[in-house]
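In: okay, sequence plus prediction incoming.
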Amino acid sequence: MLGLRFIAVMPRSTSAEKIAQIGFYGGESHFVDSPAEMYAEGARLAAELGGHYMDQFTYAERVTDWRGNNNIAESIFGQMTREEHPVPAWIVVGAGTGGTSATLGRYVRYRRLPTRLCLADPEASVFHRHLADRRIRGSSGPPSVIEGIGRLRCEPSFIPELIDRAYAVPDAASIAAARVLSRRIGRSCGGSTGTDMWAAARIVGEMTARGEQGAVRHCCATRASATAARSSTMPGSRIAASTPGRRRTGWSASSTVVRSTDPSSRPGSSGRARHTCVILTPRPGWRRRHRCGWSAAGRAVAACSRSSCA
């Protein structure tokens, strides 16, 4: 629209899909060997070409009004209002710039909610190390293969005081979790989603062991989406995850839900072995009851791990 050049500085390991997306919109990709080189190279290019260096890392925590005004935190809690546990016990989030975790942490405290914030961080990242020891602000090891989250330096927008706990997630665990979730919901999930889901599964397991009930909300800001996980006190309960659609119209046609279901605790159930159902939303207002006893306006079961539950 403005006729200006847009140059994205990125590591050579960036996925081909992301590079193609930048090119599709007329942008240029400029590669560096290590993620740690992006900052200086971006500033150097801007100075050399007479351009402006868009430093998203320094100012990410202040670009939105964390008190509300339709930010990501307000959207998440708005989407949770129709859930059994509308105020989640935990929100799990990865950190890239640190802006999303800052917004979530500030919003929770501003609203005086009991929700706690868990950081899901790639094992090679510095953020979880900085939480354990504030003197650590960088990592010299090889970078993670997980894109979008985790950094080798502690970004200025990352506010550790807002984080209640952190999990260092191995890359292999992130990729495995992403593949399992992709098979469950029939949609491709990235590695950062797997990182968050792995940490969410750990929290759900701990809550189940303590006999606690509640919701664990997994927020993957790198895909501008969020997923939720439900914890149940029933032994053998599974993770539930959802990708929310538009706020005012309910769930969009592409939204999916994986819901943990214990038939013995649902109305009209047969009391058979516990299983997991995958639920899709064909169109708003459409209602259908699955044999496991779960139904809701605008949601319908598309697949289930138990063949007799149809």
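Out: Structure received.
In: name whatever forms a beta bridge with Pro122.
Out: Pro122 has the following beta-bridge partners by DSSP bridges: Val169.
In: please tell me I have it right and it contacts Val169.
Out: Yes. Applying CB atoms under 8 Å, one finds Pro122 in contact with Val169, separated by 6.1 Å. Placement of C-beta: from N, CA and C, glycine included.
In: ranges for the helices of this protein?
Out: Using DSSP state H, the helices of the chain run over 16-24, 38-49, 56-59, 72-79, 99-110, 127-132, 171-185, 191-209.
In: would you turn those into TSV with mean pLDDT, distance to Ser144 and mean neighbour count?
Out: Output for these, formatted as TSV (pLDDT from 0 to 100; distance: least, CB to CB, whole Å; neighbours: other CB atoms under 10 Å):
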stretch	mean pLDDT	distance to Ser144	mean neighbour count
helix 16-24	92	16	12
helix 38-49	93	15	14
helix 56-59	80	17	15
helix 72-79	88	23	19
helix 99-110	93	17	23
helix 127-132	95	11	20
helix 171-185	93	6	18
helix 191-209	93	8	23
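In: out of those, which gets nearest to Ile159?
Out: When the helices of the chain are compared by CB to CB, helix 99-110 sits nearest Ile159, at 4.8 Å.
In: let me know the average pLDDT across stretch 210-222.
Out: What stretch 210-222 shows for mean pLDDT is 81.
In: before we move on, what about stretch 83-97?
Out: 93.
In: repeat for stretch 114-125
Out: Mean predicted lDDT for stretch 114-125 stands at 96.
In: which residues touch Pro11?
Out: Phe31, Val32, Asp33, Ser34, Pro35, Met38, Pro143 (CB atoms under 8 Å, 6 or more residues apart in numbering).
In: for PyMOL, write the select line for the buried members of those.
Out: Listed next is the PyMOL selection for buried residues among those, using 16 or more other CB atoms under 10 Å:
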select buried, resi 32+35+38+143
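In: with adjacent residues omitted, what lies nearest to Tyr167?
Out: Nearest in space to Tyr167, with sequence neighbours left out and distances taken as CB to CB, 6 or more residues apart in numbering, is Ala199 at 4.2 Å.
In: same check, this time on Asp65
Out: Looking at Asp65 with CB to CB, 6+ apart, the closest residue is Asn71, at 6.3 Å.
In: what number of residues lie near the one you found?
Out: 18 (other CB atoms under 10 Å).
In: that one and Leu104 touch, don't they?
Out: No. Under the criterion of CB under 8 Å, Asn71 is not in contact with Leu104, lying 9.1 Å apart.
In: how much space separates Ile22 from Ser29?
Out: 6 Å (CB to CB, to the nearest Å).
In: list the residues that contact both of the two?
Out: Ala8.
In: hmm, who's touching stretch 165-184?
Out: Outside stretch 165-184, the residues that touch it by CB under 8 Å, 6+ apart are 116, 118-125, 127-128, 131, 144-146, 188-195, 197-199, 201-202, 241, 258, 276, 278.
In: sorry, back to before: ok, the residue nearest to Asp65 to Ser34 distance?
Out: With CB to CB as the criterion, Asn71 and Ser34 are 32 Å apart.
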